[in-house]
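Student: Build me a model:
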Amino acid sequence: MRRSRNAKIIATLGPASSTPEMILALFETGVDVFRLNFSHGTREDHQARFEAIRWIESVTGRPIGILMDLQGPKLRIGSFKDGSVDLSFNREFRLDLDPAPGDPNRVCLPHPEIFTALVPGTDLLVDDGKMRLRVVDCGADFALTQVKVAGTISERKGVNLPNVVLPISPLTAKDRSDLSFGLELGVDWVALSFVQRPEDVLEARDLIGSRALIMSKLEKPAAIDNLDEIVALSDGIMIARGDLGVEVPLERVPILQRRILRVCRSQGKPVVVATQMLESMTSSPVPTRAEASDVAAAVFEGADAVMLSAESASGRYPCEAVRVMNSIIEGAEGEAHAGLYNEIKRDKPRQSHADAICSALGVTAHLIEAKATVAYTKSGSSTIRAARERPPAPILSLTPSISTARQLAPVWGVHSLVVNEIEDEASMTQLACNATLGAGFGKAGDNIVIIAGIPFGVSGTTNLLRTATLPEPSDGSDNRRS
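Tutor: Numbering: from 1, shown residues only. Prediction:
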């Protein structure tokens with residue numbers, strides 16, 4: 001099941017993609033990582049999908065990543081006596097803690113933490129920004145606002161505060177319970193919603209430990225203000241353009257996307273571009289030209305992965321959406337200038353053994369026209385660091401840990417194999433050659449580049465680079481774990 005592209009595809013599972021047969025079809029069409037969205041569905045639903053993914057992994061022999069996406073805090077207004085009210089421009093409207101049903105003059109906002117953070121002049125966005133209320137007066141239990149974007153406001157609609165850092169945890173009681181459930185299942189990545197500060201990532205890390213990697217979702221302007229620190233503390237980043245596009249002007253979204261991609265590329269952290277990439281394919285078998293350009297632009301800018309949401313979770317054409325995304329990625333990567341574009345954006349390596357080795361990896365692979373770059377890794381750090389260099393040959397990651405292999409699924413250019421531990425350079429080279437031949441990355445006489453760490457089996461010791469020429473195939477024993 002070798003992919004013929006470098007950027008990866010993440011697909012969300014949902015009502016349209018719940019059966020093992022459909023999940024298998026999505027995988028065979030090109031999905032590398034499956035997303036379980038805990039904002040929707042029951043735990044029974046997610047467990048059934050999880051088990052189907054692991055079954056597919058066992059029968060195909062290819063490690064598959066599973067990403068659980070936590071819901072995060074949902075700030076909503078209360079109910080209305082008549083279900084909704086019409087608010088005209090510049091009229092006053094009150095928000096308070098009174099749980100009584102609302103009317104044309106007021107409604108409950110059952111979040112005292114919001115009132116503590118408000119000041120006059122603050123804007124509140126209701127219903128994904130369809131309405132805008134500006135605070136003219138406020139206290140510990142109320143806010144008097146003026147309507148700046150008029151319309152109909154319905155009960156239970158969401159509230160966004162784009163320019164306010166709220167004193168709340170990104171993990172609600174529901175999230176903590178869901179997280180415990182997901183970690184018990186064995187998810188590989190946790191997508192953390194509502195990240196505002198570096199401390200939010202640290203809070204999640206205390207709960208998750210080493211049981212999964214953290215993918216911080218950037219959907220709040222406050223997170224952009226702390227971008228470098230949040231990226232540094234996270235294992236990966238998701239550019240959640242839907243919520244981000246509510247809280248910042250639309251024209252800022254592509255600018256912020258490029259900025260986030262640059263920081264992630266600089267720090268060598270996997271980055272996912274998400275939301276509405278092929279949105280029209282929820283109801284159409286073909287995307288718009290603008291959507292195709294959007295996916296290609298993410299690839300040109302160096303994204304590790306692109307993600308499907310409603311397209312695969314609830315759309316009418318989940319497999320077609322994956323097939324189209326796969327084709328767009330392949331087309332973009334086939335463009336002669338794509339490699340040059342990524343090369344231009346690569347930052348100067350740091351002064352470390354690992355950076356020196358991985359920097360030399362890309363140059364060496366180019367000079368000897370290597371057919372594969374082979375990375376031995378235990379924790380995955382060597383492979384991720386190699387991917388930062390965007391070498392000209394695919395990265396064959398060999399690891400004794402199935403967990404590491406799964407966690408590397410969303411990383412650019414990486415194809416993982418689970419192998420037995422190695423003990424010396426000779427067995428390392430033989431295994432690298434046999435694995436490359438067995439996986440179809442090269443043939444006898446082709447060159448490969450190998451990186452590893454000595455002593456073997458110790459994380460964070462990337463200090464060895466060597467080249468090898470593929471021999472004639474052996475008896476088939478490549479030390480892969482059955």
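
Student: which SS state does the closest residue to Ser193 other than its chain neighbours fall under?
Tutor: Using CB to CB, 6 or more residues apart in numbering and skipping residues adjacent in sequence, the residue nearest Ser193 is Gly72, 2.8 Å away. C-beta coordinates here come from the backbone N, C-alpha and C atoms, glycine included. Under DSSP: H, G, I helix; E, B strand; the rest coil, the three-state class of Gly72 is coil.

Student: Gly72 and Glu335, how far apart?
Tutor: As judged by CB to CB, to the nearest Å, Gly72 and Glu335 stand 37 Å apart.

Student: Of the two, which one has the most company?
Tutor: Higher neighbour count among Gly72 and Glu335: Gly72, with 25 against 13, using other CB atoms under 10 Å.

Student: My guess is the more buried one contacts Ala191. True?
Tutor: No: with contacts counted by CB atoms under 8 Å, Gly72 stays clear of Ala191, the gap being 9.3 Å.

Student: intersection of neighbour lists for the two?
Tutor: Lys217 (CB atoms under 8 Å, 6 or more residues apart in numbering).

Student: where in the stretch 201-350 of the chain is pLDDT low?
Tutor: Filtered on pLDDT under 70, the stretch 201-350 of the chain yields the residue ranges 336-350.

Student: Run through the helices of it in chain order.
Tutor: For the stretch 201-350 of the chain, the helices defined by DSSP state H, counting those that start in this stretch cover 221-225, 227-233, 241-247, 253-267, 289-300, 310-313, 318-334, 336-345.

Student: any chance of the ones you listed in TSV, with distance to Glu21 too?
Tutor: Output for the helices of the stretch 201-350 of the chain, formatted as TSV (distance: least, CB to CB, whole Å):
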stretch	distance to Glu21
helix 221-225	39
helix 227-233	38
helix 241-247	29
helix 253-267	35
helix 289-300	26
helix 310-313	14
helix 318-334	11
helix 336-345	35
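
Student: Most tightly packed of those helices?
Tutor: Ranked by mean neighbour count under mean count of other CB atoms under 10 Å, the helices of the stretch 201-350 of the chain are led by helix 310-313, which reaches a mean of 26.

Student: Which elements pack onto that helix?
Tutor: strand 8-13, helix 318-334 (3 or more CB pairs under 8 Å, 6 or more residues apart in numbering; DSSP states H and E).

Student: cutoff 10 Å now
Tutor: strand 8-13, helix 20-29, strand 33-37, helix 318-334 (3 or more CB pairs under 10 Å, 6 or more residues apart in numbering; DSSP states H and E).

Student: want to throw these into CSV with distance to Val363?
Tutor: As requested, these are exported to CSV (distance: least, CB to CB, whole Å):
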stretch, distance to Val363
strand 8-13, 25
helix 20-29, 35
strand 33-37, 30
helix 318-334, 20
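
Student: Which among those is found nearest to Pro112?
Tutor: strand 33-37 (28.4 Å; CB to CB).
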